[in-house]
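Novice: Below are the sequence and a predicted model; questions follow.
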Amino acid sequence: MRTLRTRHQRRLLAAAVVAAAALTTAPAAVAAPAPAPAAGTATATAPAPAKTTSPVRVVAPGERVDAGGGFTIWLTAEGKHWLSPDGTENFRSVVDGNIDLSRPGVSHQAEGDATATFHSGLFYGTKRAGQVVLTDADGRRTSATLLELPGRPGWGVWYAHRTGSVEGVGVALYDRNGRLLAELPPF
């Protein structure tokens, strides 16, 4: 066993010397790759676990979110609220019976003109929302930002800005595995 450990130590020392030499002779803007461990040897440190982030941003009830372009959005237990750049406050309820929280769905509101449009809506009926995508008649796709209250209540809000008209934009809701859950045809 002593011979294997010594041989292993020699390989590590040789790899370190080669790496140090490469680093001192490599251009400053280019980093030399780390040497690969010898076959059959264990590394000293385990790889870091992959970070998994939710595609949905969790916000506190009433927390104001700057949605860009002068729009502000906030969520309460009752639904989605938003403030337009002209100061008009709007509301879309999740408790008035207009949406069926037991089945996946998506709603769509839009404000704008022929040059730029703010799109937003609700996604609901799922605790695994992964993405909301807007698609226009030319096939251009825009991914929306997703917001949700703590505890995954089974609904949330999406929003996006797009250039071009309000007309001809469809909306699709996907789960975290990319499976289509619901869609609205273009209007």
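Specialist: Perfect, thanks for sending it. Residues are numbered from 1 along each chain as shown.
Novice: The residue nearest the centre of the chain: what's it in contact with?
Specialist: Centroid check for the chain by C-alpha atoms, centre = their mean gives residue 55 as the closest residue, at 3.4 Å. Neighbour list for residue 55: 129-131, 146, 176 [criterion: C-beta atoms under 8 Å, 6 or more residues apart in numbering]. In this view, the C-beta of every residue, glycine as well, is placed from N, C-alpha and C.
Novice: Please repeat the previous calculation with a cut-off of 6 Å.
Specialist: 130, 146 (C-beta atoms under 6 Å, 6 or more residues apart in numbering).
Novice: got it, and residue 71?
Specialist: Residue 71 neighbours (C-beta under 6 Å, 6+ apart): residue 118.
Novice: if we go to 10 Å?
Specialist: 65, 82-85, 90, 111, 118, 120, 159, 161 (C-beta atoms under 10 Å, 6 or more residues apart in numbering).
Novice: who wins for most neighbours among those?
Specialist: residue 120 (25 neighbours; other C-beta atoms under 10 Å).
Novice: okay, residue 122: pLDDT?
Specialist: Here, the pLDDT recorded for residue 122 equals 97.
Novice: Retrieve the pLDDT associated with the closest residue to residue 93 other than its chain neighbours.
Specialist: Using C-beta to C-beta, 6 or more residues apart in numbering and skipping residues adjacent in sequence, the residue nearest residue 93 is residue 79, 4.3 Å away. With respect to pLDDT, residue 79 scores 97.
Novice: try residue 67
Specialist: 97.
Novice: That one: which element?
Specialist: Here residue 67 sits within strand 65-68, counting by DSSP states H and E.
Novice: For residue 154, give its distance to residue 166.
Specialist: 28 Å (C-beta to C-beta, to the nearest Å).
Novice: which stretches of the protein form helices?
Specialist: Assigned by DSSP state H, the chain shows helices spanning 2-25.
Novice: Show the residue spans covered by the strands in it.
Specialist: Using DSSP state E, the strands of the chain run over 56-58, 65-68, 71-76, 79-83, 89-93, 105-106, 109-112, 116-124, 129-135, 141-143, 145-148, 155-163, 170-175, 180-184.
Novice: OK, contacts around residue 81?
Specialist: 62, 64, 72-75, 89-92, 157.
Novice: Of the residues you listed, keep whichever come out buried.
Specialist: 73-75, 92, 157 (16 or more other C-beta atoms under 10 Å).
Novice: In these, find the pair that's most separated.
Specialist: In those, two members sit farther apart than any others by C-beta to C-beta. They are 74 and 92, at 11.8 Å.
Novice: Between these two, which contacts overlap?
Specialist: 80-82, 157.
Novice: and which of those residues is nearest residue 181?
Specialist: For these, the nearest to residue 181 is residue 157 (15.9 Å; C-beta to C-beta).
Novice: Hmm, residue 155 is touching residue 103, no?
Specialist: No. Using C-beta atoms under 10 Å as the test, residue 155 is too far from residue 103 to be in contact (11.6 Å).
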